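Participant: Sequence and predicted structure are below.
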Amino acid sequence: MNLSILLWGIPQAMRVAARVYPDYAERLKERDVVAQIKLRDEPEVGRWIKLDNGRISTGKGIHANPDIAVVFKNEALAKSFLTPPFDQMERIDAAKNFKILLEGPDDLAIWFLATLSRLESVYWKAGTDMGNGVTRYTNGTNGGPLFVYVKDGKIIRTTPIDFTDEDEGTWSITARGRTFSPPRRMTLAAHGACQKSMVYSKDRLLYPMKRVDFDPDGERNPQNRGISEFERISWNEALDIVASEIRRAKAVGPGAIAVDHGSHHQWGNLGHYLCAFNRFWNLIGVTKLMHSPDSWEGWFWGAMHHWGNSARLGCPEFYGTVEDCLKEAEMIVFWSSDPDSTYGFEGTQRREWARELGIKMVHIDPFLNHTAAHLGGKWIAPRPQTDAALAQALCHVWITEGLYDKDFVDDKTTGFDQWKAYILGESDGIAKTPEWQEAETGVPARDVRALAREWGTKKTYLGAGSWGAGVGGACRGPTGMQWARMMAILGAMQGHGRPGYNFGNLQFGTPIDHNFYFPGYAEGGFSGDLAFSANSANNYQRMPHIVTMSTVRQSIPRMWFPEAITQGKSFGYITDVTTVQSQFFPFGYPSPGHVPVEMLYKYGSQLFGTMVGGNRWARAYQHPSLKFIVNQSVWHEGETPFSDIILPACTVFEKWDIGETFNCGPGYVHHFYTMNNHRVITMQHKCIEPLGESKSDYDIFAAVSAKLGLGAVYTEGGTSELDWVKRVFDSSDMARHVSWRQFLKKGYWVVPAEKEQARVPLANNWYYEGRKKDTPDPYPLPSDYTGEYLKGLQTPSGKFEFVPTTLGRIDDPDRPPLNQYMPTYENPERNPELEAFPLKLQTAHTRYAYHVMGDSTDSSLADIREHRVCKGGHYYLVARISSEDAEARGIRDDDLIRLWNRRGSVVCAAQVTGRLRPGTVSAYSGSAQYRPVGEPGRSTDLGGCVNMLNTKEPITKKGHGMKPNSVLIQVEKWTGADDWQPTAETV
Amino acid sequence: MAKKWNLIVDVARCDNCRLCFLAVKDEYVGNDFPGYSAAQPAVGQHKWLDIRRKERGAYPLVQARFMPVMCNHCDDAPCIKAATDGAVRKRPDGIVIIDPEKSKGQKKIAAACPYGAIYWNEEKQIPQAWTFDAHLLDQGWTRTRAEQACPLGVFRTIRVEDGEMMRIQAEEGLEVLRPELGTRPRVFYKNLHLMTTCFVGGTVVRHSDGVEECAAGVEVVLKQDGREVGRATTDTFGEFMIDGLEPGSSGYHLDLTGPSGRFSTRFDLGDESPYLGVLPLAAG
Ligand code: SF4
Ligand code: SF4
């Protein structure tokens, strides 16, 4: 088509859209502008469009005084650009190579481009009409996907998604004469099911706010963070302060701005911190807070050295294990494994099948956890963090009674002789017998012998950690590395990968399609961040967008951020999963050529509740060297007031996004979605308008970008969230099966089940059988194989190493190559100064909330008596205490009790139980609330931040992993009078 | 005869995941359903559907059980009798509705429920309880929100004639809560004994060459006043459990017989399920 006709068509299309869609007409009234479209090589050719209070006028040629201009290099480019269907690759190429330029004020230019792009999206229809004025939308949460029923702009109901006959995708497994098929629906976790209450929570941040005694041009009063009140300000005022502070800090030098986000974000590929947040900060250049793999610690720093699996953070693969377990296994040993907590309950359904098949269950945990209580079976309760001794005694029985897979050990492993000599006591004079472990663990020797014999003679699945293949539990603790290493060793001794012998607890490894492409959130959405996300794996090729990169090279280990601020330095190790030895790389703060941090931008999260030694954060946030703190969050949480400016973000229900249930992506647990019975991709509809003046994260960053002249770069020329959603859709395999319009209306799509023959091979079976690696795992990278590509493991020998070579290459007394038992937990017998603290605190992952998510003060979760208990109008976090320890202290159910040591003091509500080994206290880490009764950081917390009591010492001196479990505490009834004082370690 | 709504709850399946509880919150908080219910308060411990927990046994042989409880939609409902002005009505389909308008100020309605299923709404001054999701059933839903949310199939919402329900009750051994009150609930429980009865358990050991081992496969016989009331075999770890004993009952005699010896003991029950501890088999 002729260019002049194409250009003429633009204002015509705008007029039509404005006539049909009042929203579009309203949008045209938002800004007055004269926009010029022209060609660089033919300066006289073009068309201008003028908007004046929504009225459109237009003319051929060149306007004398345009506000903005869109300049195409030549006619051919302009024609191609304006002729549908649009080629995204061509558009990106044009932008990257300066074939198209924008002139004029950034915010006006991107507003105009966004207005043009809405000419397409204004015709799209979202949601299903249910009659009576109710529209049914869909959304996604960290706890699963939802239907969202909306009436009159209000969410009236959220429900799980039940499939209909038109949804394909259900598999079945035939095992021992029975056929099992999952229910045709998605199941939520509690933190997904409470979302309506979270949307309408009174803790929502609805307006931009400024601390009353913060004056960017005068006294900043950092010492009053967390104490002073906030006052409402306009968005414009807030954005001006934030933008000018960014400019000021940038002028100080590289690294003066630090940014931090929680470990997780609201669900959705676009709103995730790996996308909207990282894209923005890559354009600014910032010091990053380096997270440790804090739910994986022992696997990452320890087990990885025995077998590789670096991209799985040291955990084993889990492919095909549901089918194999149901068909073959005779016993499942759940070791520090409580999958019923946090992760949703489709796994629970599958474990019911195992129970129906008569598969025996054993649970090893000082707490009879929720999974154990529900499934039943033998409960073995070692003293916290002594599990590695129990595991070594199992090896002793296996070796002395010949109950291990000798062929596998001979052919497929190295170092067994050394291991055997250690277990038998030949090398250190101590045989690791069941009696030896009894003194350490408190578990009767007879139970260990019985378990070892059962395990050595029956096909056994080892469910290690919450997922059965890592995560949570004993790996996060002072002996977490020893424990995770023992799990790997037990697996190797029983022929890991032999049918019926594998890692798992039926939580992962369903037979769903692993090849169908839809990007996980870790692929970074439109971040363009090739360095800190899995963008380059697939997303960058499949969804053309512009690359972004930060020029600042400074990092701070997150768990020592307080020390970096208050003491001016800290030191950590890189969390890099591409290969095993990258975890040995140290980094320091401040970094060479960089400057100390003086501005902090917080994005969600509540570190008082999730980081060890939480009281340290209060000191850091109030430190005068931090001249400016922004907190961009959805909810007012414990940490929110420790800032100067608060920017209110909206929930996923108030903006557009897209995501697949539990699809994280490479590097962030690849194929995480095998936790589900079905692969379900959901449109995350904008179900309601943002509450108050809150905005989506993307819109907030776009607004700050515009203030900094980066708006066009950040938004790629005015791309709206819904346009990005469409681009993600187009980039995925889904676009080959369903039309965009159908998907946008219905809101979800189920990936069809594949033929049984096409199912993914069993985890590690390729190694057991000596085949090339045939599981769909991009790691190890080709350069990481020492032998033939795809042959063998990611270790220097290519075999399972009982005594890892890589640990021999560093000198780390916390993880010697031979995995000796070292009782490195706090023990009054070894540490007499701890005598006043007789109880061991377990701070596992929460059951109902997801870290702090869902724990707002009036979340519906608050009324769950096993989560919080209401006393005097406040909801106290539950701490479980054994009947014996409670009786000794006169404590009854629901009494307020104080858990304390020298690092912290926290009031909880007691749940007295026979489900705990006496001497142990259990309370979940992840309180969203922080309510110090006195001075922040120096007084007792009523909010439930039990992580305050955990040590800030690292799991290994050559790593910055945390060890937040089994610290010593005292418990007493709370009197209401606070005389607790921190000691040196806290401050 | 009219078909009426009934709810069957299987105690054995519940793991306290709380999705039913949250679904009820989701449905009623913030939503008025005129003629059925006024909105439930957002905070304040209204638990129209609640989960009761019960631990049985003692460390290290302990069980935790959970059970949803809610308005039973009694056929002979004390709350109806306590109400004035017809504020509580029984629908022909069995559902009991507390009228959100007429019940205003009638605290006695809440006090009348022997199950504690009614919550008092301070702000609106009305008694409130779980309506069986009547507003949804009337729109054509075939099950309650709680049933839809439950991942483990604890609930079965069924609409049958009373005679058919009696047949199902007998066939499946269903019980109601506090039958002695004569309220005739429409909510029925399966495996309720897991909440209400006691078990006795123990760990049996034997010694060979001075080494203590778990005694597997030992026959355990429990007699009460000379009559056998239970029997079990110890598992790999020497553990056994005999369930279904009346709390407070007495005169028990336990006999263990295994290849390597015998053991016997006597005990009476209190309210709790006893763990008898480690029981060594002695030769002879
Ligand atoms: S359970 Fe209570 S409120 Fe419900 S019908 Fe019976 S008496 Fe009335
Ligand atoms: S949803 Fe089902 S399993 Fe979960 S608490 Fe309710 S009844 Fe129990």
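Facilitator: On my side now, so go ahead. Ligands and ions are numbered 1, 2, ... in the order given.

Participant: What residues does the stretch 101-250 of chain B have near chain A?
Facilitator: B:145, B:148-149, B:151-152, B:205, B:211-214, B:216, B:235-239 (Cβ under 8 Å from any Cβ of the partner chain). Yep, even glycine has a C-beta here, placed from its N, CA and C like the rest.

Participant: any low-confidence regions in chain A?
Facilitator: Applying pLDDT under 70 to chain A picks out residues A:344, A:984-987.

Participant: ok, now which ones touch the closest residue to ligand 2 within it?
Facilitator: Distances between chain A and ligand 2 by Cβ to the nearest ligand atom are smallest at residue A:345, namely 7.6 Å. By Cβ atoms under 8 Å, 6 or more residues apart in numbering or on different chains, the contact list for residue A:345 reads A:187-189, B:15, B:17, B:19, B:151-152.

Participant: List the contacts of the nearest residue in space to residue A:702 that is not next to it in sequence.
Facilitator: Among residues not flanking residue A:702 along the chain, residue A:715 sits closest, at 5.2 Å (Cβ to Cβ, 6 or more residues apart in numbering or on different chains). By Cβ under 8 Å, 6+ apart, the contact set of residue A:715 is A:110, A:114, A:702, A:705.

Participant: burial measure for residue 129, as a count.
Facilitator: No chain in the question, so chain A it is. 11 (other Cβ atoms under 10 Å in any protein chain shown).

Participant: oops, I was thinking of chain B
Facilitator: 25.

Participant: Name the nearest residue to the residue of the stretch 101-250 of chain B found nearest ligand 1, sequence neighbours excluded.
Facilitator: Proximity of the stretch 101-250 of chain B to ligand 1 (Cβ to the nearest ligand atom) peaks at residue B:113, 3.2 Å away. Among residues not flanking residue B:113 along the chain, residue B:79 sits closest, at 5.1 Å (Cβ to Cβ, 6+ apart).

Participant: repeat for residue A:457
Facilitator: residue A:403 (6.5 Å).

Participant: Could you report the neighbour count for the one you found?
Facilitator: When neighbours are counted by other Cβ under 10 Å, residue A:403 comes out with 19.

Participant: Same list, the residues of the stretch 101-250 of chain B next to chain A, but only the ones touching ligand 1.
Facilitator: The subset of these lying close to ligand 1, counting by Cβ under 6 Å from any ligand atom, is empty.

Participant: Local confidence estimate at the residue in the stretch 151-284 of chain B that ligand 2 sits nearest to?
Facilitator: Here the stretch 151-284 of chain B gets closest to ligand 2 at one residue, residue B:154, 3.6 Å apart by Cβ to the nearest ligand atom. Note on residue B:154: pLDDT of 98.

Participant: What residues sit buried inside stretch B:204-215?
Facilitator: B:204-207, B:212-215 (16 or more other Cβ atoms under 10 Å in any protein chain shown).

Participant: starting at the chain centroid, how far to that stretch?
Facilitator: 39 Å (Cα atoms, centre = their mean, to the nearest Å).

Participant: Stretch A:745-759 now?
Facilitator: On Cα atoms, centre = their mean, the centre of stretch A:745-759 falls 25 Å from that of its chain.

Participant: start to end distance for it?
Facilitator: 31 Å (Cα to Cα, to the nearest Å).

Participant: How about residues contacting that stretch?
Facilitator: A:125-128, A:136-138, A:145, A:147, A:161, A:163, A:167-171, A:320, A:323, A:511-513, A:516, A:518, A:678-683, A:685, A:734, A:737-738, A:743.

Participant: Pull out the buried positions in it.
Facilitator: For stretch A:745-759, the neighbour count (16+ other Cβ under 10 Å) marks A:745-751, A:753-754, A:759 as buried.

Participant: Now do the helices in the stretch 1-150 of chain B.
Facilitator: Per DSSP state H, counting those that start in this stretch, the stretch 1-150 of chain B carries helices over the ranges B:19-28, B:78-82, B:107-112, B:134-137, B:145-149.

Participant: so which of these gets nearest ligand 2?
Facilitator: Relative to ligand 2, the nearest member of the helices of the stretch 1-150 of chain B by Cβ to the nearest ligand atom is helix B:19-28, separated by 3.3 Å.

Participant: Would you agree residue A:147 falls within a strand?
Facilitator: Yes: judged by DSSP: H, G, I helix; E, B strand; the rest coil, residue A:147 forms part of a strand.

Participant: wait, doesn't it sit right on residue A:156?
Facilitator: No: counting by Cβ atoms under 8 Å, residue A:147 stays clear of residue A:156, with 11.3 Å between them.

Participant: check contacts around the residue in the stretch 701-850 of chain A positioned nearest to ligand 1.
Facilitator: Minimum separation of the stretch 701-850 of chain A from ligand 1 (Cβ to the nearest ligand atom) falls at residue A:848, amounting to 26.8 Å. When contacts are counted by Cβ under 8 Å, 6+ apart, residue A:848 is found next to A:190-191, A:194, A:854, A:861, A:864, A:866-867, B:18.

Participant: Enumerate the residues of the stretch 651-800 of chain A near ligand 2.
Facilitator: Counting by Cβ under 6 Å from any ligand atom, no residue of the stretch 651-800 of chain A is near ligand 2.

Participant: quick one: secondary structure of residue 165?
Facilitator: Here I'm looking at chain A. Using three-state DSSP, the structure places residue A:165 in coil.

Participant: My question was about chain B, not that one.
Facilitator: helix.

Participant: Looking at the record's assignment, how would you partition chain A?
Facilitator: The record's domain parsing of chain A by automatic domain parsing lists A:3-121, A:209-292+A:535-655+A:692-718, A:297-510+A:768-808, A:832-973.

Participant: from the residues of the stretch 101-250 of chain B next to chain A, which two are the most distant?
Facilitator: Based on Cβ to Cβ, the longest span within those runs between B:145 and B:211 and measures 56.4 Å.

Participant: Isn't residue A:673 up against residue A:512?
Facilitator: Yes: using Cβ under 8 Å, residue A:673 is in contact with residue A:512, at 7.1 Å.

Participant: what's the distance between the residue lying closest to residue A:125 once chain neighbours are set aside and residue A:137?
Facilitator: Excluding its sequence neighbours, the residue lying closest to residue A:125 (Cβ to Cβ, 6+ apart) is residue A:745, at 5.8 Å. To residue A:137, residue A:745 is 10 Å away according to Cβ to Cβ, to the nearest Å.

Participant: Please identify every residue contacting each of those two.
Facilitator: Contacts common to residue A:745 and residue A:137, judged by Cβ under 8 Å, 6+ apart, are A:126-128.

Participant: Return the subset of these lying in helices.
Facilitator: The members of these all map outside helices under DSSP state H.

Participant: picking up where we left off before, same list (the buried residues of stretch A:745-759) but as a markdown table, adding secondary structure.
Facilitator: Listed next are the buried residues of stretch A:745-759 as a markdown table, based on three-state DSSP:
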| residue | secondary structure |
| --- | --- |
| A:745 | helix |
| A:746 | helix |
| A:747 | coil |
| A:748 | strand |
| A:749 | strand |
| A:750 | strand |
| A:751 | coil |
| A:753 | coil |
| A:754 | coil |
| A:759 | coil |
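
Participant: ok, so of the residues you listed, who is nearest chain B?
Facilitator: residue A:748 (16.3 Å; Cβ to the nearest Cβ).

Participant: what about the closest residue to residue A:545 other than its chain neighbours, which SS state?
Facilitator: Nearest non-adjacent residue to residue A:545, counting by Cβ to Cβ, 6+ apart: residue A:526, 4.9 Å away. Secondary structure assignment for residue A:526 (three-state DSSP): coil.

Participant: check contacts around residue A:526.
Facilitator: By Cβ under 8 Å, 6+ apart, the neighbours of residue A:526 are A:270, A:275, A:279, A:543, A:545, A:716, A:719, A:724, A:727.

Participant: The last one belongs to a helix, doesn't it?
Facilitator: In this case it means residue A:727. Yes: membership of residue A:727 in a helix is supported by three-state DSSP.

Participant: What spatial separation is found between the closest residue to it other than its chain neighbours and ligand 1?
Facilitator: Leaving aside its sequence neighbours, residue A:727 sits nearest to residue A:543 (Cβ to Cβ, 6+ apart; 5.5 Å). For residue A:543, the distance to ligand 1 equals 55 Å [Cβ to the nearest ligand atom, to the nearest Å].
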